[in-house]
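[1] structure, please.
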Amino acid sequence: LQGSFYDVQQTDCSVEHPSWDEHTYVLNWQPTKIGVYVDPVMEFEGEKLVKMLPKEENPYAGFPTFKEYSLEQTPTWQAVDDYMEGCYPEQATSGAPFDK
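    Alright, predicted model coming up:
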C-alpha cells in the first residue's frame, strides 16, 4: 500500500447504517516473501487456505489493495544478508530476518 496514506471512509451513522464497512486484512509472511492484503479473495478446502488473490483494483479508489515484497526484488532486504550472516552465522537463512 502507499507509503503515507490512510483511507477515511465516508460514514453514514443513520439507523439504517450504524457502522463502517468491515474489512479483512491479511499478512502473508513466508521465508522470502511478505505481503499485506485488504479484502483478498480466499479459497478454502475444509479449514485449509489453498489460494489467495488480491481484491480486484477499484480504479476510483486511488490506491492498491495489496503490497508484496520478495527477497529477490527488494534490495534493502538483500542488504541484510551480510549483517545476519555476520551476527548469526549458524542460524541465518536467505530469508532472514523474516524467516522465523
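
[2] who is the residue most central in space within the chain paired with across the strands?
    Nearest to the geometric centre of the chain sits residue 36, at 0.9 Å (Cα atoms, centre = their mean). Beta-bridge pairing for residue 36 (DSSP bridges): residue 27, residue 67.

[3] touching, it and residue 67? I think so.
    Yes - here residue 36 reaches residue 67: they are 5.7 Å apart, a contact under Cβ atoms under 8 Å. C-beta coordinates here come from the backbone N, C-alpha and C atoms, glycine included.

[4] now do the same for the residue nearest to the centre of the chain: its pLDDT.
    On pLDDT, residue 36 comes in at 93.

[5] buried set for the helix or strand bottoming out on mean pLDDT in the chain?
    Lowest on mean pLDDT, DSSP states H and E among the helices and strands of the chain sits helix 80-87, with a mean of 83. By 16 or more other Cβ atoms under 10 Å, the buried positions in helix 80-87 come out as 80, 84.

[6] thinking again about what came up before, tell me how far the residue nearest to the centre of the chain lies from residue 14.
    32 Å (Cβ to Cβ, to the nearest Å).

[7] in this structure, which spans are helices?
    For the chain, the helices defined by DSSP state H occupy 75-78, 80-87.

[8] and these as CSV, adding distance to residue 97?
    Listed next are the helices of the chain as CSV, based on distance: least, Cβ to Cβ, whole Å:
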stretch, distance to residue 97
helix 75-78, 9
helix 80-87, 6
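
[9] between the ones you listed, which gets nearest to residue 23?
    Using Cβ to Cβ as the measure, helix 75-78 is the one of the helices of the chain that comes nearest residue 23, at 27.1 Å.

[10] mind checking how far the closest one is from the chain centre?
    In this view, helix 75-78 has its centroid 17 Å away from the chain centroid, taken as Cα atoms, centre = their mean, to the nearest Å.
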